[in-house]
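everything below, folded, please.
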Amino acid sequence: MSDLSADELARAIVARLPRVPLDAQLWDEAQCADYLGRQSVRTFERTQAMSGFPAPVYVPGKCWIAADVIEWARMQKAKVPRARRAA
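Numbers count the residues shown, from 1 in each chain. Reported below is the predicted structural model:
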């Protein structure tokens, strides 16, 4: 028997799990909020109302396709206005 710690064993197990591609992953509100750097699901609710935010998928409860959320976030980066020059 090996002398692996619990953390090492957990990492070894996770490394063998199949990876689900982002376009097949469904994220709930908490996962979306975490990815977008929101402090809570409540602040994420305001983000959902922003123009162009992906529509949810209803599979008992609301979820979003991870790849859609990531793409939307990248598009927002391009929309950030430049700082005004001092007059």
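
buried stuff in the helix or strand bottoming out on mean pLDDT in the chain?
The weakest-scoring helix or strand in the chain, judged by mean pLDDT, DSSP states H and E, is helix 41-48 (a mean of 85). Neighbour counts over helix 41-48 (16 or more other C-beta atoms under 10 Å) mark Phe44, Thr47 as buried. (Each C-beta comes from the backbone N, C-alpha and C, glycine too.)

what about dumping the CA coordinates of that helix to PDB?
The C-alpha trace of helix 41-48 is given here as PDB (Å, rounded to 0.1, in the frame of the first residue of the first chain):
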ATOM      1  CA  VAL A  41     -25.600  35.400  -6.100                       C
ATOM      2  CA  ARG A  42     -27.600  38.600  -5.300                       C
ATOM      3  CA  THR A  43     -25.100  40.800  -7.100                       C
ATOM      4  CA  PHE A  44     -25.000  38.200 -10.000                       C
ATOM      5  CA  GLU A  45     -28.700  38.800 -10.400                       C
ATOM      6  CA  ARG A  46     -27.900  42.400 -11.600                       C
ATOM      7  CA  THR A  47     -25.400  41.000 -14.000                       C
ATOM      8  CA  GLN A  48     -28.100  38.700 -15.500                       C
END
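
in this protein, which spans are strands?
26-27, 57-58, 62-65 (DSSP state E).

the last one - which strands sit beside it in the sheet, and in what orientation?
Here strand 62-65 is paired, per DSSP bridges, with strand 26-27 (antiparallel), strand 57-58 (antiparallel).

what's the lengthiest helix in the chain packed up against?
For the chain, the helix with the greatest residue count under DSSP state H is helix 66-78. Applying 3 or more C-beta pairs under 8 Å, 6 or more residues apart in numbering; DSSP states H and E, one finds that helix 66-78 makes contact with strand 26-27, helix 29-35.

let's see it at 10 Å
Helix 66-78 sits against strand 26-27, helix 29-35, helix 41-48, strand 62-65, with contacts defined as 3 or more C-beta pairs under 10 Å, 6 or more residues apart in numbering; DSSP states H and E.

so where is the protein shaky, pLDDT-wise?
Filtered on pLDDT under 70, the chain yields the residue ranges 1-2, 78-87.
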